[in-house]
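In: could you work out the structure for the sequence below:
(one chain, ligands or ions: 2)
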Amino acid sequence: MKPETDRLLEFYRKMVLIREFEERVKLLFLEGIMPGTIHQYQGQEACAVGVCSALKEGDVITSTHRPHGHCIAMGMDIRKMMAELFGKSTGCCKGKGGSMHMGDIEKGVVPAIAIVGGGIPIATGLGLAFKMKKQDFVAVCFMGDGATNEGTFHESLNMASIWNLPVVYVVENNLYGASTHISLVMKVERISERACAYKIPGITADGNDVLEVYQKAQEAVERARTGNGPTLLELLTYRITGHSRRDPALYQPGEEKKKALENEPIKRFSNYLTSLGISTETLEDIRNRVKKEIEDAVKFAMESPNPQPEDTLDDLFV
Ligand SMILES: Cc1ncc(C[n+]2csc(CCOP(=O)(O)OP(=O)(O)O)c2C)c(N)n1
Ligand SMILES: [Mg+2]
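Out: Ligands and ions are numbered 1, 2, ... in the order given. From the prediction side, this is the model:
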């Protein structure tokens, strides 16, 4: 297969891996088999895959209370992710982090931060560290629309601007902060407009189009890497699942949900791929392989040992 086709199919595989992982986790959670709580990523897959595909080894991301998609897009091991969700000692944080603190520094994923806006100063600090060490790495800061109303968003973007830091601030605008519609909490039409207050580029892209996200992310990453400073990249998307746990999302109007389902990123990308002549069998084969991989991860997680009481204080202090 041509290299270009391989790349497109890898985008597809990663988006499907995120979707199927989340659907399986949802079932495990609703069946009461999986402990804790979860915030899921269905509908936003093109954001994580498009942005993370624009990064190179050594670059880092910070994530949020909704991290599973970001972790998979950065190439984290789904066995270790699943085990972490089960609180097992084989998890990526040895079972001590759970859903909202997933991460793997070797894959460039700073363990996720569930405080809304909490990752923004950390990504800014990572950018400052890269600059001071004269390393050409980039920090990507994922956040939701709601996080852009936190004070730390404005402080961090201002610092990144004056110091020309290699940071890309990625806002996944899914129209809601929990059950609150964005129109109730901000007057600006586009979150990217906020960039002008810091004199940095503010870009809006279709967050359900993985190729557009990839292209816009590549430009922002390149700007950061070449010493031309930060970018605020707003991705327009939608959460086609509840905010967390068993939220039925009744606050999302029916018509809005229906439109969002028609516009969801995997269906759109599948249509694009088949229009290029890629067969539905090829796509189905990828989906089936992904499902097997996930079942293997569930088995691994369920059979893994629990952490022991004597391990409680390990890795807590440096
Ligand atoms: C500082 C802070 N306030 C409130 C919460 C509770 N909370 C968790 S997620 C969330 C909504 C965040 O919305 P957004 O930033 O748009 O992200 P999304 O959930 O849409 O991905 C809130 C209010 C929190 N975790 N941290
Ligand atoms: Mg939101």
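In: residues of the chain that sit close to ligand 2?
Out: 144-145, 174, 177 (CB under 5 Å from the ion). For every residue, glycine as well, the C-beta is placed using N, CA and C.
In: name the member of those with the most neighbours.
Out: Neighbour tally across these (other CB atoms under 10 Å): the maximum, 24 neighbours, falls on Asn174.
In: who's in contact with that residue?
Out: 43-44, 144-145, 237-239 (CB atoms under 8 Å, 6 or more residues apart in numbering).
In: mind checking how far it is from Ala114?
Out: 17 Å (CB to CB, to the nearest Å).
In: again with Val210
Out: Distance from Val210 to Ala114, by CB to CB: 26 Å.
In: so which residue of the chain comes closest to ligand 1?
Out: Nearest residue of the chain to ligand 1 (CB to the nearest ligand atom) works out as Gly144 at 2.1 Å.
In: so the closest residue to that residue other than its chain neighbours bridges to which residues?
Out: Excluding its sequence neighbours, the residue lying closest to Gly144 (CB to CB, 6 or more residues apart in numbering) is Glu172, at 5.8 Å. Counting by DSSP bridges, Glu172 is bridged to Gly144, Leu235.
In: ok, Glu172 touching Phe142?
Out: Yes: under the criterion of CB atoms under 8 Å, Glu172 makes contact with Phe142 at 6.6 Å.
In: relative to Thr37, how far out is the residue most central in space within the chain?
Out: The centroid of the chain falls nearest to His70 when counting by CA atoms, centre = their mean (3.0 Å). Separation of His70 from Thr37 (CB to CB): 18 Å.
In: equivalent analysis for Lys187, please.
Out: 32 Å.
In: which residues in this structure form helices?
Out: 3-30, 45-52, 68-73, 78-85, 119-132, 151-162, 210-225, 254-262, 265-275, 280-303 (DSSP state H).
In: can you give me every residue that contacts Leu283?
Out: 12, 270, 273-274.
In: narrow those residues to just the buried residues.
Out: The neighbour-count test (16 or more other CB atoms under 10 Å) marks 12, 270, 273 as buried among the contacts of Leu283.
In: pretty sure the second one contacts Tyr12?
Out: Yes: here Ser270 reaches Tyr12: they are 7.3 Å apart, a contact under CB under 8 Å.
In: more crowded one of Lys187 and Thr37?
Out: Thr37 (14 against 5).
In: stretch 67-80 near ligand 1 at all?
Out: No: using CB under 6 Å from any ligand atom, we find that stretch 67-80 stays clear of ligand 1, coming within 10.0 Å at best.
In: can you tell me the closest non-neighbouring residue to Ile191?
Out: Using CB to CB, 6+ apart, the nearest residue to Ile191 is Glu234, at 4.6 Å.
In: that neighbour against Val188, yeah?
Out: No: in terms of CB under 8 Å, Glu234 does not count as a neighbour of Val188; the distance is 10.4 Å.
In: if you count surrounding residues, which of these two has more?
Out: Using other CB under 10 Å as the criterion, Glu234 and Val188 rank with Glu234 on top: 24 against 10.
In: check the gap between that one and Gly117 for me.
Out: From Glu234 over to Gly117 (counting by CB to CB), the distance is 16 Å.
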